[in-house]
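Enquirer: here is my input, please return the structure:
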Amino acid sequence: MDKGLSQEAKNFIKQAYKGIDSKKLFDYHNHIVGIGTGNTGAYVNPSMLSGWHFISKMKFKVYASGANITDLDYADQQYHDRLIDLINNINPHGKYGILAFDKHYRKDGTVNANKTEFYTPNDYIINIAKASPKLFEPIMSVHPYRKDAIEALRKYAAKGVKLIKWLPNAMGIDPADVAIKPYYEQVKKLGLSILVHVGEEKAVEAEEDQKLGNPLRLRLPLNMGVKVIMAHCASLGQNIDIEDPKKPKVDNFDLFLRLMNDVKYTKNLMGEISAMPQANRLPRPLATILRTTRLHSRLVNGSDYPLPALNVVVRTGALESEGFINTDEKKLLDEIYDYNPLLFDFILKRVVKDPQTGAKFKSEVFYKKH
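Expert: The predicted structure is shown next:
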């Protein structure tokens, strides 16, 4: 990249770092995915690898290509090496939160293998972070329906892990289930935060699963004082407004804003901006968040790697046509993308502006806040 980038692109990158304290930089959302090579314990649903499940197999091929996996016999190591390579070629790069990802559990505590899209063990994530402590911070994933959930929270908190990753739609978690109040109490006692996907999830198809991504279902932990970070600011899909007697379907993003605007949650609710510049989420959620600068102190950044490396979801042309970037910025961003999609994601979010007001994300959005 140092040799290939134009001087104009290098200056563009330098300008994007102005006003940034690189020691505080933190990316909250980086998936580590594997198929178990090298005894990692990671797992991908067999349908992703089977020729009998064409759509799932094509999805896997897209993800594998984005992560630069060329040999399935070494898939886990290649995925890991690619992420390290991308980060080491960003200067300065800050630290990256890497996500464990628990299985889909039924309420009786048994695993639903058919609905488990992929699984990334906590111990695997912790070992990666231990090997590269200047790059990574581990984020555990503990399903609240696990029979050992409380014990697991204590175990990984004792190892210094501060965050928990949930994706309710894909994991089968109902955040409003009063049966998991003891779990929430333990999360609060240990001083942990839950980084939770809200809004629609493309990995699931059943409507009953999408209901679990309703931001309003997190009122239970929020009212208990649990710290919650809502990924993507719920910028995709619709859900029933369960607080309206008429129960109309509304944008998940509007339900997210309702919670963010509730003064009761000022100290324990944050939003996370990963995937918001993607073409399928434009334009309203991104524009609204950019111009609502009073919320920026409660926003954090995430790349949702490997998504930035999947060019099917990265469309700078859409951002240009909607007025979030100009023609010159598009050209330079495209040039950077060809070398390092992870750097591209950061620079893009430093550059995007509200088409109406010109407001940009404040520097503090990109800092560690836990």
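
Enquirer: right, and the helix or strand after the helix or strand bottoming out on mean pLDDT in the chain?
Expert: Lowest by mean pLDDT, DSSP states H and E among the helices and strands of the chain is helix 54-66, with a mean of 60. Using DSSP states H and E, the helix or strand that follows helix 54-66 towards the C-terminus is helix 75-88.

Enquirer: show me how far that next one is from its chain's centre.
Expert: Mean-position distance between helix 75-88 and its chain equals 18 Å (C-alpha atoms, centre = their mean, to the nearest Å).

Enquirer: also stretch 69-77?
Expert: Using C-alpha atoms, centre = their mean, the offset of stretch 69-77 from its chain centre is 23 Å.

Enquirer: check stretch 252-272 too.
Expert: Centroid separation for stretch 252-272 versus its chain: 17 Å, with C-alpha atoms, centre = their mean.

Enquirer: and that stretch, average pLDDT?
Expert: Average pLDDT, stretch 252-272: 98.

Enquirer: return the set of buried residues in it.
Expert: By neighbour count on 16 or more other C-beta atoms under 10 Å, the buried set for stretch 252-272 is 252-257, 259-260, 265, 268-272. Bear in mind the C-beta positions are built from the backbone N, C-alpha and C, glycine included.

Enquirer: nearest to residue 243 among those?
Expert: residue 255 (8.7 Å; C-beta to C-beta).

Enquirer: using the three-state scheme, assign that closest one.
Expert: Of the three states, residue 255 takes helix under DSSP: H, G, I helix; E, B strand; the rest coil.

Enquirer: could you do residue 97 as well?
Expert: Strictly by three-state DSSP, residue 97 counts as strand.

Enquirer: can you tell me how far residue 98 is from residue 292?
Expert: 29 Å (C-beta to C-beta, to the nearest Å).

Enquirer: so where is this protein shaky, pLDDT-wise?
Expert: Across the chain, the ranges flagged by pLDDT under 70 are 48-63, 65, 203-206.

Enquirer: my guess is residue 124 meets residue 43, correct?
Expert: No: with contacts counted by C-beta atoms under 8 Å, residue 124 stays clear of residue 43, the gap being 10.4 Å.

Enquirer: who's more crowded, those two?
Expert: More neighbours surround residue 124 than the other of residue 124 and residue 43, with 23 against 19 (other C-beta atoms under 10 Å).

Enquirer: what about the more buried one, which helix or strand?
Expert: Going by DSSP H and E, residue 124 is in helix 122-131.

Enquirer: residues of that helix that come out buried?
Expert: 122, 124, 125, 126, 128, 129.

Enquirer: could you export it as CSV, CA atoms only?
Expert: The C-alpha coordinates for helix 122-131 follow below in CSV (Å, rounded to 0.1, in the frame of the first residue of the first chain):
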residue,chain,number,x,y,z
ASN,A,122,-14.7,-18.1,23.9
ASP,A,123,-11.4,-19.8,24.6
TYR,A,124,-10.4,-19.6,20.9
ILE,A,125,-11.0,-15.8,21.0
ILE,A,126,-9.1,-15.4,24.3
ASN,A,127,-6.1,-17.3,22.9
ILE,A,128,-6.0,-15.1,19.8
ALA,A,129,-6.1,-12.0,21.9
LYS,A,130,-3.3,-13.3,24.2
ALA,A,131,-1.1,-14.0,21.2
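
Enquirer: can you map out the strands along the protein?
Expert: Taking DSSP state E, the strands of the chain run over residues 26-31, 43-44, 95-99, 118-119, 136-139, 163-166, 193-197, 227-231, 238-240, 249-251, 269-272, 299-300.

Enquirer: nearest to residue 334 among the ones you listed would be which one?
Expert: Of these, nearest to residue 334 by C-beta to C-beta is strand 26-31, at 21.4 Å.
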